[in-house]
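**Q** What follows is a protein structure lacking sequence information:
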């Protein structure tokens with residue numbers, strides 16, 4: 001038996017286990033895959049930003065940035081952390097107004113961010129299309145890292161502190177008796193614990209239904225790709241908020257190996273768990289990227305893939321206790337931001353379980369409350 005069982009060894013589940021192990025909590029993680037990060041974690045493109053417009057996400061990602069940016073120095077593992085910042089270039093008045101309107105709340109919660117000149121944007125992203133460029137926001141403390149390197153570094157550290165991991169172990173049922181969690185029944189056995197953390201990402205809805213609980217998490221799919229490596233000429237994540245044909249925003253950056261990694265938000269969303277990549281993706285995003293940054297035009301794409309976003313109605317996570325089943329705690333619905341939110345969410349969840357929440361944790365938990373009234377999405381979703 002254990003104090004806590006975590007379902008899912010990915011971008012959220014592993015950091016939850018790490019934070020619990022650091023606090024001396026006897027923790028078991030079960031995952032249907034053969035090793036950590038083999039679900040949606042390895043599909044993430046690696047961006048990490050605290051540049052949100054929601055206070056809960058800002059505070060959570062500031063904690064995450066502290067973990068990512070100091071990990072190699074503290075623990076010796078290279079997770080390919082790159083402090084390149086995030087840049088949102090602006091070509092239309094509507095985006096300029098929207099980005100400027102959220103600067104006060106971003107600064108209130110500790111972000112170093114400014115609306116900068118077109119010349120500064122060009123300095124950060126050499127060769128960017130200057131035609132009609134009005135400037136943009138730049139947050140230099142944001143960055144990127146390797147999702148698989150990071151999750152494996154967190155996994156090794158959690159294991160060294162006593163967390164137990166069971167792979168190839170699919171959860172068949174969350175065991176509930178008289179309204180209380182008693183553990184999980186998995187393919188190869190039953191494990192006991194008074195607390196179960198749902199960190200199953202896009203499959204959380206199915207997992208929670210085994211406990212008689214409904215949560216509003218629905219997967220949709222997003223495609224991404226990576227190019228051959230070239231000499232580094234920019235390091236920021238570039239986010240173009242302008243919509244295009246059959247798509248919304250798109251974003252890309254050059255990683256520590258010199259490869260351009262990119263993704264797009266389709267419109268309409270591709271709801272469901274289909275992970276098959278399509279030929280449409282490259283024609284959608286490629287033309288838009290080259291118009292924005294012509295230097296990309298001769299790069300060769302090495303690989304494409306499609307991953308799942310566990311979406312909630314308002315684009316914000318579900319983190320907190322379930323009120324129907326005592327001992328069931330949700331840490332899911334990260335809406336495609338699990339990698340950047342994961343370490344921060346892990347810390348909040350660990351403190352929630354051990355009764356040590358801080359004032360900032362309470363702000364986060366209020367915004368991520370699974371029972372909140374779902375409204376519109378945040379400006380920078």
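**A** Thanks, I have the structure now. None of these values were measured; they are calculated from a predicted model. Residues are numbered from 1 along each chain as shown.

**Q** Give me the distance between residue 283 and residue 304.
**A** Look at residue 283 and residue 304: by CB to CB, to the nearest Å, they are 12 Å apart. Where C-beta positions appear, they are placed from N, C-alpha and C, glycine not excepted.

**Q** correction: residue 365
**A** Counting by CB to CB - residue 365 and residue 304 are separated by 37 Å.

**Q** So for these two, which sits in the more crowded spot?
**A** Neighbour totals were compared for residue 365 and residue 304, and residue 365 leads with 19 against 14 (other CB atoms under 10 Å).

**Q** in which helix or strand would I find the more buried one?
**A** Per DSSP states H and E, residue 365 falls inside helix 359-367.

**Q** That helix - contacts with which helices or strands?
**A** On a contact count with 3 or more CB pairs under 8 Å, 6 or more residues apart in numbering; DSSP states H and E, helix 359-367 meets helix 55-75, strand 318-321, helix 338-354.

**Q** quick one: it to helix 338-354, angle?
**A** Interaxial angle, helix 359-367 versus helix 338-354 (axes from the mean of the first three to the mean of the last three CA atoms, to 10 degrees): 110 degrees.

**Q** In helix 359-367, which residues are buried?
**A** Within helix 359-367, the residues scored as buried using 16 or more other CB atoms under 10 Å are 360-361, 363-365, 367.

**Q** and the nearest residue to residue 208 once chain neighbours are set aside, what is it in contact with?
**A** Spatial nearest neighbour of residue 208, excluding adjacent residues (CB to CB, 6 or more residues apart in numbering): residue 215 at 5.1 Å. Contacts for residue 215 (CB atoms under 8 Å, 6 or more residues apart in numbering) come out as 198, 204-205, 208, 318, 330, 332-333, 370.

**Q** Just the buried ones out of those, please.
**A** The buried subset of the contacts of residue 215 - by 16+ other CB under 10 Å - is 198, 204-205, 208, 318, 330, 332-333, 370.

**Q** in what helix or strand does residue 175 lie?
**A** Counting by DSSP H and E, the element that carries residue 175 is strand 171-177.

**Q** next structured bit after that strand?
**A** Downstream of strand 171-177, the first helix or strand assigned by DSSP H and E is strand 180-186.

**Q** Let me see the mean pLDDT of that next one.
**A** Confidence for strand 180-186, expressed as mean pLDDT, is 99.

**Q** cool, stretch 205-212 as well?
**A** 98.

**Q** can you give me the helices for the stretch 101-250 of the chain?
**A** For the stretch 101-250 of the chain, helices defined by DSSP state H, counting those that start in this stretch occupy the ranges 118-124, 147-160, 204-209.

**Q** which parts of the longest one are buried?
**A** Counting neighbours by 16+ other CB under 10 Å, one finds that the buried residues in helix 147-160 are 147-155, 157-159.

**Q** now stretch 261-272
**A** Across stretch 261-272, burial judged by 16+ other CB under 10 Å covers 261-266, 270.

**Q** so what are the domain limits for the chain?
**A** With domains defined by automatic domain parsing, the chain comprises 4-72+147-217+314-367, 83-141+219-310.

**Q** Start and end of the longest one, how far apart?
**A** Distance between the two ends of domain 4-72+147-217+314-367: 24 Å, counting by CA to CA, to the nearest Å.

**Q** same check, this time on the shortest one
**A** With CA to CA as the measure, domain 83-141+219-310 spans 27 Å from end to end.

**Q** still on that earlier bit, need the helices of the stretch 101-250 of the chain in JSON lines (columns: distance to residue 341).
**A** Putting these into JSON lines (distance: least, CB to CB, whole Å) gives the following:
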{"stretch": "helix 118-124", "distance to residue 341": "25"}
{"stretch": "helix 147-160", "distance to residue 341": "13"}
{"stretch": "helix 204-209", "distance to residue 341": "15"}
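
**Q** Can you tell me which of those helices is nearest to residue 179?
**A** Closest of these to residue 179 is helix 204-209, at 14.7 Å (criterion: CB to CB).

**Q** Tell me which other helices or strands the closest one touches.
**A** In terms of contacts (3+ CB pairs under 8 Å, 6+ apart), helix 204-209 is packed against strand 171-177, strand 195-198, strand 328-332.

**Q** Against which helices or strands is the first one packed?
**A** Okay, so that is strand 171-177. strand 180-186, helix 204-209.

**Q** for that strand, which positions count as buried?
**A** 171, 174-176.

**Q** any chance of those in CSV, plus pLDDT and distance to residue 133?
**A** Putting the buried residues of strand 171-177 into CSV (pLDDT from 0 to 100; distance: CB to CB, whole Å) gives the following:
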residue, pLDDT, distance to residue 133
171, 98, 50
174, 99, 52
175, 99, 57
176, 99, 56
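
**Q** and the residues you listed, which two are the farthest apart?
**A** Greatest spatial distance among these (CB to CB): 171 and 176, at 12.9 Å.

**Q** Look up how far residue 30 lies from residue 253.
**A** 33 Å.

**Q** before we move on, what about residue 135?
**A** 49 Å.
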